[in-house]
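[1] next comes the sequence, and after it the predicted model I'd like to discuss.
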Amino acid sequence: MRYNSDQLLGAKTRKDLIEIAQKNDIDIDKVLNKLKYEIELAQLQTEMVNLQQWIAKTKKRVVVIFEGRDAAGKGGSIKRFKEHLNPRSSRVVALTKPTEVERGQWYFRRYIKQLPNPGEIVFFDRSWYNRAVVEPVMGFCNDEQYHQFMIQVPEFEHLLYEDNVTVIKFWFSISKEEQKKRFESRLENPLKRWKFSPVDMKGQELWDRYTYYKEQMFSKTHTNFCPWIIVKTNNKKEARLESIRYLLSQFEYDGKGASKIQLLPDPNIIMRYHRSAVQIDI
């Protein structure tokens with residue numbers, strides 16, 4: 001027996017729903033968790049709309065950076081952040097590899113061109129931090145370029161801070177085992193296969209090298225004015241909700257809390273980087 005919409009509409013009590021679930025081998029906890037996630041996401045997205053309107057009204061400039069290993073859930077989270085925002089004052093930036101001309105320019109130049117205008121929020125799906133981790137791991141930059149970047153990036157971000165640009169830096173932390181599962185899932189799903197590239201599997205082979213450069217990045221670029229925020233992402237849905245909560249918690253915008261949802265992030269999922277902070281992508 002399979003359930004249908006008529007059965008669900010005919011259910012009058014909780015007992016009726018439980019009976020339908022049991023007859024059809026439906027995991028009630030799984031369904032309830034999904035419903036809870038959808039409800040919370042809608043409430044948080046309502047708050048995001050209020051935040052965006054306040055940013056536009058007050059002419060704030062906000063940058064949200066999403067960094068992390070491949071398959072950590074950056075793109076899926078960005079989609080939920082931006083899903084109901086006005087495209088006129090929000091953008092997603094996901095730059096491809098630099099052109100020959102760009103390679104001859106100051107490294108930050110092509111990112112500067114993508115910074116928000118007054119009243120705008122910009123989401124970076126990877127950022128200038130490519131040079132801190134991916135590029136040295138994959139051999140896309142030399143030692144001199146890497147060391148110059150690591151010296152310059154705190155100064156660059158301090159200039160943004162002094163010019164009243166708010167920069168929030170997320171590091172999406174995923175375990176090696178979970179990353180492997182997601183890679184395999186991408187290969188099995190024809191709708192997700194486009195996400196997979198040969199560079200992805202290198203992430204598994206070069207896991208420890210990624211870890212080394214990630215820790216170097218944290219130690220040299222985590223500052224009081226532009227800290228790293230670690231997001232545990234083995235549970236994608238939790239990561240999406242808690243990272244949105246964190247962003248909302250950083251501003252005192254008009255209508256804040258109107259949805260009645262909790263806006264303080266779970267400290268077990270979201271944490272400011274510290275050497276003792278528990279990470280799962282080590």
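    Received the coordinates, thanks. Numbering: from 1, shown residues only.

[2] the helix or strand that contains Gln43 packs against which elements?
    Using DSSP states H and E, Gln43 falls within helix 28-58. Judged by 3 or more Cβ pairs under 8 Å, 6 or more residues apart in numbering; DSSP states H and E, the packing partners of helix 28-58 are helix 14-23, helix 74-82, strand 120-125, helix 236-249. Every residue, glycine included, has its C-beta placed from N, CA and C.

[3] quick one: mean pLDDT for the helix or strand just after that helix?
    Downstream of helix 28-58, the first helix or strand assigned by DSSP H and E is strand 61-68. Across strand 61-68, the average pLDDT comes to 98.

[4] okay, the angle between strand 61-68 and helix 28-58?
    Orientation check (axes from the mean of the first three to the mean of the last three Cα atoms, to 10 degrees): strand 61-68 against helix 28-58 gives 150 degrees.

[5] can you list the strands that strand 61-68 pairs with?
    For strand 61-68, the paired strands and their directions (DSSP bridges) are strand 120-125 (parallel), strand 165-173 (parallel).

[6] what packs against the helix or strand just after the shortest one?
    Stepping forward along the backbone from strand 120-125, the first helix or strand reached (DSSP H and E) is helix 134-138. Identification of packing neighbours for helix 134-138 by 3+ Cβ pairs under 8 Å, 6+ apart yields helix 143-162, helix 198-205, helix 207-221.

[7] pull the CA atoms of the longest one into PDB?
    Once side chains and other backbone atoms are set aside, the C-alpha atoms of helix 143-162 remain, and they are given as PDB (Å, rounded to 0.1, in the frame of the first residue of the first chain):
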ATOM      1  CA  ASP A 143      56.200  30.300  -3.400                       C
ATOM      2  CA  GLU A 144      56.900  34.000  -3.900                       C
ATOM      3  CA  GLN A 145      53.300  34.800  -5.000                       C
ATOM      4  CA  TYR A 146      51.900  32.800  -2.100                       C
ATOM      5  CA  HIS A 147      54.100  34.500   0.600                       C
ATOM      6  CA  GLN A 148      53.400  37.900  -0.900                       C
ATOM      7  CA  PHE A 149      49.700  37.200  -0.700                       C
ATOM      8  CA  MET A 150      49.800  36.100   2.900                       C
ATOM      9  CA  ILE A 151      51.600  39.300   3.900                       C
ATOM     10  CA  GLN A 152      49.200  41.500   2.000                       C
ATOM     11  CA  VAL A 153      45.800  40.000   2.700                       C
ATOM     12  CA  PRO A 154      45.500  41.300   6.300                       C
ATOM     13  CA  GLU A 155      46.400  44.800   5.200                       C
ATOM     14  CA  PHE A 156      44.000  44.500   2.300                       C
ATOM     15  CA  GLU A 157      41.100  43.500   4.600                       C
ATOM     16  CA  HIS A 158      42.100  46.200   7.100                       C
ATOM     17  CA  LEU A 159      41.700  48.800   4.300                       C
ATOM     18  CA  LEU A 160      38.200  47.400   3.700                       C
ATOM     19  CA  TYR A 161      37.400  47.500   7.400                       C
ATOM     20  CA  GLU A 162      38.600  51.200   7.600                       C
END
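
[8] for that helix, list every residue counted as buried.
    Buried residues in helix 143-162, defined by neighbour count with 16 or more other Cβ atoms under 10 Å: Tyr146, Phe149, Met150, Val153, Phe156, Glu157, Leu160.
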